[in-house]
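Undergrad: Test case, fold it:
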Amino acid sequence: MSTVDHLVGEIKNLLAAGAVLYDSASKPSDVYEGFIFSLIVATASRHGATVTYEDIYGAKASNLVFRTGPGHLYNNSQPFTHAVIEFDGAPALEVHLGVYVTGASGVLHECDVLALPAEEAALSRAQGIAPQGSQSVLIVECKYYVSNLGIGLARNFEGLRADIRTLNGDLSSSAERRAPRDSARADTAGWAASAAAS
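TA: Numbering: from 1, shown residues only. Model (predicted):
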């Protein structure tokens, strides 16, 4: 079984959705982003959140369509899927793949995985503008590498995080010595606990 097939299987298990439109021909980097998305969603669910999936129009989705390239959250060229996460007593969150946010400098930045308040996402869709990065609850930069990451990638991510002005950012890589699932699970468990508390 290839790494892509293994990740696709993990995504399907974690998301418990009808169909996920990844297969063995999908680019490993795209599937890795979907894997990190699925870890975040599954972790939120394990910590008591209700999770549903919607498309750009707000319709419930059972067949999940994920971006495989950067785009705007409000783009309706395809019915891209996002997760809606609701913890009791807390504002709803949305988790998206491959969307742009606006940094404090006014520059657009792609977030491989983005969690933000549902209210900010709705504003983006209604006004046709990128969400404000400062409203991000969590950003994850995903790097599917078979070798170690260079220091430049970490520095670039820190610059991104500084311009977006979020305290919750993570650089996730498949090149870690630990299994990617174990590493990402530890990172997302802390995020889910803090999201539930806020």
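
Undergrad: residue ranges with poor pLDDT in the protein?
TA: 1-2, 17-18, 145-198 (pLDDT under 70).

Undergrad: what's the nearest residue to the residue nearest the centre of the chain if we skip its chain neighbours?
TA: Relative to the mean C-alpha position of the chain, the nearest C-alpha, by Cα atoms, centre = their mean, is the one of Val113, at 2.4 Å. Closest residue to Val113 apart from its sequence neighbours, by Cβ to Cβ, 6 or more residues apart in numbering: Val140 at 4.0 Å. For the C-beta atoms, the positions are set from N, CA and C on the backbone; glycine is no exception.

Undergrad: Paired strands for whichever strand or helix holds that neighbour, with orientation please.
TA: When elements are defined using DSSP states H and E, Val140 is found to belong to strand 138-143. Taking DSSP bridges as the criterion, strand 138-143 forms sheet pairs with strand 108-117 (antiparallel), strand 169-173 (parallel).

Undergrad: name the helices or strands packed onto the helix or strand just after the first one?
TA: Of the helices and strands lying after strand 108-117 in sequence (DSSP H and E), the nearest is helix 118-127. Contacts of helix 118-127 with other secondary structure elements, assessed using 3 or more Cβ pairs under 8 Å, 6 or more residues apart in numbering; DSSP states H and E, are made with strand 93-102.

Undergrad: How far does the strand it packs on sit from its chain's centre?
TA: Per Cα atoms, centre = their mean, to the nearest Å, the displacement of strand 93-102 from the mean C-alpha position of its chain is 7 Å.

Undergrad: Dump it to CSV, restricted to CA.
TA: Output of strand 93-102 as CSV, limited to C-alpha atoms (Å, rounded to 0.1, in the frame of the first residue of the first chain):
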residue,chain,number,x,y,z
LEU,A,93,-15.9,27.4,13.9
GLU,A,94,-15.2,26.5,10.3
VAL,A,95,-12.2,24.5,9.1
HIS,A,96,-11.1,25.0,5.4
LEU,A,97,-8.3,23.7,3.1
GLY,A,98,-6.2,25.9,0.9
VAL,A,99,-7.8,29.3,1.4
TYR,A,100,-6.3,32.9,1.5
VAL,A,101,-6.5,35.2,4.4
THR,A,102,-5.5,38.9,4.5
